[in-house]
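>>> What follows is a protein structure lacking sequence information:
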Ligand code: AMP
């Protein structure tokens, strides 16, 4: 039996024994914990926060004192991130009837492979999406298979003929990415001809404006003639929750020091490390196309690996011909939703005070209600793995 199957089947066995009147939503205190926690409270759940003990930045103090509405009822302390995988920690989570939300930091710190193979606490979303979003080849197969345009892949540095972005495999949050315009520049940055294509993904640098639209897909909520809940996609509905643009240092402000050419001559190169998120809306006429793309992505995910229930973000660039070129998908809640705790210019059209964190809690609540009413466990299999 594959690791995924083993952990997911075990998660279902565990979930069957949960006290469904006393569910807890839990995650690592970081990334989007504050909105997840507030959203869970607003929907009547208990909260559980995992913090790493003795961190120099006093995480525990921050998460248990700074913002009253977000303070979790339960705290679990670990000595290091991967300790979460140890059975004695997983059992503590299970004791509290916890459903885990694996946000970006959770996946990064605990590890995608480890989550698939070793983590059996019921987890919101489909863990099978993890390799599809983290492996650039699989990601391309998924998105291009759904008919989306992606930046052209440059097979070898010798084919660089214009602005290209070089993504080191495994580099997180844009760290260690660099931009080059010629093959010579590439080899100069790499320090000679040594080049292992397995270590890099080189792609066309797409000129345009960046958008990071946050979607939510529910396979379990459906429209009826009397009650339209959302845009039909896959088995259920698709919602646009919000859009942000990332603040990336130093690329976003590097020009304050001089022109890029001057800086490069001084051996100063821009970087893409995320430091914040800025709210934004898109020109309205561009939205229908974005929805078509998100719908296709949802349906392709269903075909390839059983779907992407929950939040996802389709990160891309709108070019000057108004084509949306997607450079990345995140199949989970992203930190770009954080400016929208009380809703966004899009979620306000759906419901009041609706953050993505709160929408996730609503999905769990909806599944629980339906499960209790129909006494059919299968509903959980649509949103938990
Ligand atoms: P990623 O880790 O793929 O989300 O990329 C990190 C950042 O690099 C993005 O937020 C963009 O600012 C930038 N970026 C990535 N791919 C491209 C591309 N093909 N063209 C232009 N900018 C890109």
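Done, it's in. These numbers come from a predicted model, not from an experiment.
>>> Burial check on residue 143, number of neighbours?
If you count neighbours by other Cβ atoms under 10 Å, residue 143 ends up with 24. Glycine gets a C-beta too; all of them are placed from N, C-alpha and C.
>>> same question, the one 3 residues further on
Counted with other Cβ under 10 Å, the neighbours of residue 146 add up to 20.
>>> cool, and residue 187?
17.
>>> hang on, isn't it packed against residue 156?
No: the criterion here is Cβ atoms under 8 Å, and residue 187 misses it with residue 156 at 11.4 Å.
>>> overlap in contacts of these two?
Residues touching both residue 187 and residue 156 (Cβ atoms under 8 Å, 6 or more residues apart in numbering): residue 195.
>>> Quick one: the helices in this structure, in order.
Using DSSP state H, the helices of the chain run over residues 3-16, 33-42, 59-65, 87-95, 104-110, 112-118, 129-134, 136-145, 183-190, 260-265, 287-305, 356-374, 378-383.
>>> elements contacting the third one?
This means helix 59-65. For helix 59-65, the packing partners by 3 or more Cβ pairs under 8 Å, 6 or more residues apart in numbering; DSSP states H and E come out as strand 46-52, strand 74-78.
>>> Which residues are in contact with the closest residue to residue 254 other than its chain neighbours?
Counting by Cβ to Cβ, 6 or more residues apart in numbering, residue 270 is the residue found nearest to residue 254 once chain neighbours are left out, at 4.7 Å. With contact set as Cβ under 8 Å, 6+ apart, residue 270 has these partners: 178, 179, 250, 251, 254, 260, 263.
>>> Just the buried ones from the residues you listed?
178, 179, 250, 251, 254, 260, 263 (16 or more other Cβ atoms under 10 Å).
>>> hang on, the earlier thing: name the nearest of the contacts of residue 270 relative to residue 274.
Distance to residue 274 across those (Cβ to Cβ) is lowest for residue 251, with 10.6 Å.
>>> if we can go back for a sec, for the ligand, find the nearest of the helices of the chain.
If you check each of the helices of the chain against the ligand by Cβ to the nearest ligand atom, helix 136-145 wins as the nearest, at 8.6 Å.
>>> so that closest one versus helix 287-305, what angle?
Here helix 136-145 runs at 120 degrees with respect to helix 287-305, directions being taken by axes from the mean of the first three to the mean of the last three Cα atoms, to 10 degrees.
>>> Which positions in helix 136-145 come out as buried?
Buried, per 16+ other Cβ under 10 Å, within helix 136-145: 139, 140, 142, 143.
>>> near the ligand, which residues of this protein?
Listed as neighbours of the ligand in the chain under the rule Cβ under 6 Å from any ligand atom: 151, 165, 174, 177, 203-206, 210, 246, 248, 272, 315, 317, 327-328.
>>> Surely residue 269 is in contact with residue 263?
Yes: between residue 269 and residue 263 there is a contact under Cβ under 8 Å: 7.5 Å.
>>> burial of the residue of the stretch 1-150 of the chain found nearest the ligand, as a residue count?
Residue nearest to the ligand within the stretch 1-150 of the chain (Cβ to the nearest ligand atom): residue 150, separated by 8.0 Å. Per other Cβ under 10 Å, the neighbour tally for residue 150 reads 17.
>>> Could you check the pLDDT of it?
As predicted, residue 150 sits at a pLDDT of 98.
>>> pretty sure it contacts residue 323?
No: look at residue 150 against residue 323 with Cβ under 8 Å: they stay out of range, at 11.2 Å.
>>> residues in contact with the closest residue to residue 138 other than its chain neighbours?
Spatial nearest neighbour of residue 138, excluding adjacent residues (Cβ to Cβ, 6+ apart): residue 132 at 4.7 Å. By Cβ under 8 Å, 6+ apart, the contact set of residue 132 is 138, 139, 142, 301, 304, 305, 331.
>>> swap the cut-off to 10 Å and go again
For residue 132, the contact set (Cβ atoms under 10 Å, 6 or more residues apart in numbering) comprises 126, 138-139, 141-143, 300-301, 304-305, 308, 329, 331.
>>> Now do residue 157 against the ligand, distance only.
Distance of residue 157 to the ligand, given as Cβ to the nearest ligand atom, to the nearest Å: 16 Å.
>>> That residue: neighbouring residues, count only.
The burial count assigned to residue 157 is 22, neighbours taken as other Cβ under 10 Å.
>>> nearest residue to it other than its sequence neighbours?
Using Cβ to Cβ, 6+ apart and skipping residues adjacent in sequence, the residue nearest residue 157 is residue 186, 4.2 Å away.
>>> cool, and residue 149?
Nearest to residue 149 is residue 325, by Cβ to Cβ, 6+ apart, at 5.0 Å.
>>> what about the one you found, how many residues close to it?
By other Cβ under 10 Å, 17 other residues sit near residue 325.
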